[in-house]
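Fold the following for me, if possible:
(one chain, ligands or ions: 2)
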Amino acid sequence: MNYYLSWTSPSIQSPQHVRKTACCSPDLWLRQVLYPPQWPQSHPQSGTNLQALIDAQNTPALPNAEIVLVLSNRKAAYGLTRASSANPPIPTAYLALQPYLKKNPDKTREDYDAEVARIVVNAKPSVVVLAGWMHILSEKFIEIVEGRVNLEGLEAPAVPIPVINLHPALPGAFDGANAIERAYDAFQKGDIEHSGCMIHRVVKDVDRGEPIIVREVAIEKGEPLEAFEERLHKVEHEIIVQATKKILDGST
Ligand SMILES: Nc1nc2c(c(=O)[nH]1)N[C@@H](CN(C=O)c1ccc(C(=O)N[C@@H](CCC(=O)O)C(=O)O)cc1)CN2
Ligand SMILES: NCC(=O)N[C@@H]1O[C@H](COP(=O)([O-])[O-])[C@@H](O)[C@H]1O
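Ligands and ions are numbered 1, 2, ... in the order given. Here you go, the predicted model:
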């Protein structure tokens with residue numbers, strides 16, 4: 001069954017005209033927090049996993065795919081540039097936590113997550129992919145995108161929307177932020193022999209969802225962190241497309 005896939009406010013029309021969508025937003029999913037070894041999110045080196053998905057559109061890796069919306073939680077995010085520079089350009093949107101809380105002093109972080117969920121559900125996606133999104137999503141977000149909780153003024157999703165995340169470590173190894181650097185340091189101490197990356201389902205507990213694709217990545221003795229990181233990112237760019245396709249194909 002051929003799907004016509006578009007992203008973020010995507011639409012997949014199968015021959016049965018079942019309207020499904022996959023939702024991919026580098027900043028919703030790829031937002032990076034600034035920490036020393038990482039690029040500032042405005043740096044042209046960031047959003048590379050989004051770029052992998054952009055490049056995979058309408059190829060055998062991701063057939064009939066088209067990204068239609070990119071949501072950012074940072075104005076300067078280079079993912080926005082990647083999206084608007086794509087051919088055809090991909091529409092973008094923006095919602096950041098702190099400005100939201102400043103504008104809505106009576107609201108909470110969970111309310112912010114609910115608004116993020118509103119944007120996502122309004123796109124009617126079949127999947128939400130987190131790929132560098134550095135904000136821990138509350139259960140409220142998950143409940144809304146799965147249709148278990150209704151949000152005022154929001155048409156609930158027809159089917160639960162799976163949320164998947166790209167994590168630059170092996171299952172249960174280095175949960176949380178800065179996993180690449182922590183794994184590299186652990187290797188230097190002789191605590192691990194290799195590291196890896198995975199795509200897993202997103203649940204309330206960070207990085208503890210069911211793995212979908214797991215790939216080991218070697219760390220070479222004496223190599224600088226940057227060399228390991230480059231090798232790992234290359235693998236990430238493969239698995240993020242593969243895992244998204246698996247979810248959309250219903251093969252996982
Ligand atoms: N409910 C879930 N939310 C998120 C998950 C998840 O598995 N469940 N994965 C993360 C992505 N991630 C690791 O893969 C990750 C991102 C960010 C953090 C973190 O500590 N964030 C802090 C600090 C953020 C900041 O400094 O701005 C926070 O959100 O308060 C840990 C793990 C995406 N969300
Ligand atoms: N815990 C989540 C996490 O650390 N995610 C990491 O953010 C980077 C995004 O890169 P990109 O902006 O080049 O796509 C990726 O390395 C991804 O594994």
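
Could you tell me which helix of this protein is the longest one?
For the chain, the helix that runs over the most residues, judged by DSSP state H, is helix 225-249.

surely Val159 meets Gly147?
Yes - between Val159 and Gly147 there is a contact under C-beta atoms under 8 Å: 7.3 Å. Yep, even glycine has a C-beta here, placed from its N, CA and C like the rest.

follow-up on the earlier one: who's in contact with the longest helix of the chain?
With contact meaning C-beta atoms under 8 Å, 6 or more residues apart in numbering, helix 225-249 is reached by 3, 5, 12, 20, 22, 24, 37, 48-49, 51-53, 56, 61-62, 126-127, 129, 131, 162, 164, 166, 168, 180-181, 184, 195-199, 212-213, 215, 217-220, 252.

ok, now with 6 Å
22, 49, 52, 56, 61-62, 127, 129, 131, 162, 166, 168, 180, 184, 197, 199, 212-213, 215, 217, 219, 252 (C-beta atoms under 6 Å, 6 or more residues apart in numbering).

Narrow the residues you listed to those in strands?
129, 166, 197, 199, 212-213, 215, 217 (DSSP state E).

quick one: which of the residues you listed is most hemmed in?
Among the ones in strands among the contacts of helix 225-249, the one with the most neighbours (other C-beta atoms under 10 Å) is Val129, at 31 neighbours.

Kindly state the beta-bridge partners for that residue.
Cys24, Ile164 (DSSP bridges).

could you dump the ones in strands among the contacts of helix 225-249 to JSON lines with distance to ligand 1 and pLDDT?
As requested, these are arranged in JSON lines below (distance: C-beta to the nearest ligand atom, whole Å; pLDDT from 0 to 100):
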{"residue": "Val129", "distance to ligand 1": "11", "pLDDT": "84"}
{"residue": "Leu166", "distance to ligand 1": "7", "pLDDT": "94"}
{"residue": "Cys197", "distance to ligand 1": "10", "pLDDT": "98"}
{"residue": "Ile199", "distance to ligand 1": "10", "pLDDT": "96"}
{"residue": "Ile212", "distance to ligand 1": "12", "pLDDT": "98"}
{"residue": "Ile213", "distance to ligand 1": "14", "pLDDT": "98"}
{"residue": "Arg215", "distance to ligand 1": "15", "pLDDT": "98"}
{"residue": "Val217", "distance to ligand 1": "15", "pLDDT": "98"}
